[in-house]
Every structure is written in structure tokens, then in C-alpha cells.
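Student: Provided below for reference: sequence and predicted model.
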Amino acid sequence: MFGLDKTLLRAGLVIAGLIAAGLAFWAGMAAIDRMESRAAAAATAERDAHWRAEISASNAAAERERADQVQRAAEAESRARSEITRLTDSLADLERRNASLPNADACGLDRNRVRLLDAR
């Protein structure tokens, strides 16, 4: 009977060892899974930060371009306004000089009126 007790004891120790090994394997796999999850979360956060920076840089460039367009539009408007003023003044001067010519109410072009147009 003493031999049977040793065999049962050995079988119990083997079973206990297998259970301990299984638990250790499970704990190791759980640790690997946690490390993998942390690495994936870190990689996701890093890519999110990268793309946020890219979007921010793109938005800043677009805002600079909008500001440049506004400035160019204001400059073009100012040039157009000054050209309109110059042309209006020129027309008023031409009308004044035309009105000062003799026979202002006559139809057609005489030599003096043609000279006014050529001088322009």
C-alpha cells in the first residue's frame, strides 16, 4: 500500500505542476495581451497626434492664404477705385474743355473737338 501512496502522491504532484504551468501560461498570455493593448493605444495616440499636427498646419496655411487673398483683394479694389477716380476726373476735364469750345451746341465734330479726343 505504501507504493500506491507514492504513485498517487507523484500523480498529484504532476497534476499540481500541470495546473501551475497552465496558470503561469495563462498569466503570461494575459500579460502579453495587456502589453499589446498598451502598444496599440500608444501607437494610435501617436498617429492621432501626428495627424492633428498636420491638420493644424494645413489650417494655418489656409488661413494665411485667406489673409493674403483679402489683402490682395483690398489692394486691387484700391487700384480700381483710383483708376475710376482718374478716369472720372479725365472725363470731367474733357467735358469741361469741350463745353468751353465755341459752338458747343453744334452737332458733329469740328477740328477743335477732334484735337480734344486726340490729346487724350
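Tutor: Yep, it's here.
Student: Quick one: mean pLDDT for the helix or strand containing A60?
Tutor: Assigned by DSSP states H and E, A60 falls within helix 2-100. When pLDDT is averaged over helix 2-100, the result is 93.
Student: by contact count, what packs against that helix?
Tutor: helix 111-119 (3 or more CB pairs under 8 Å, 6 or more residues apart in numbering; DSSP states H and E). Yep, even glycine has a C-beta here, placed from its N, CA and C like the rest.
Student: what mean pLDDT would you report for the helix it packs on?
Tutor: For helix 111-119, mean pLDDT rounds to 69.
Student: Could you tell me how far the helix holding A60 lies from the centre of the chain?
Tutor: 11 Å (CA atoms, centre = their mean, to the nearest Å).
Student: does N103 sit in a helix, a strand or a coil?
Tutor: Per DSSP: H, G, I helix; E, B strand; the rest coil, the secondary structure class of N103 is coil.
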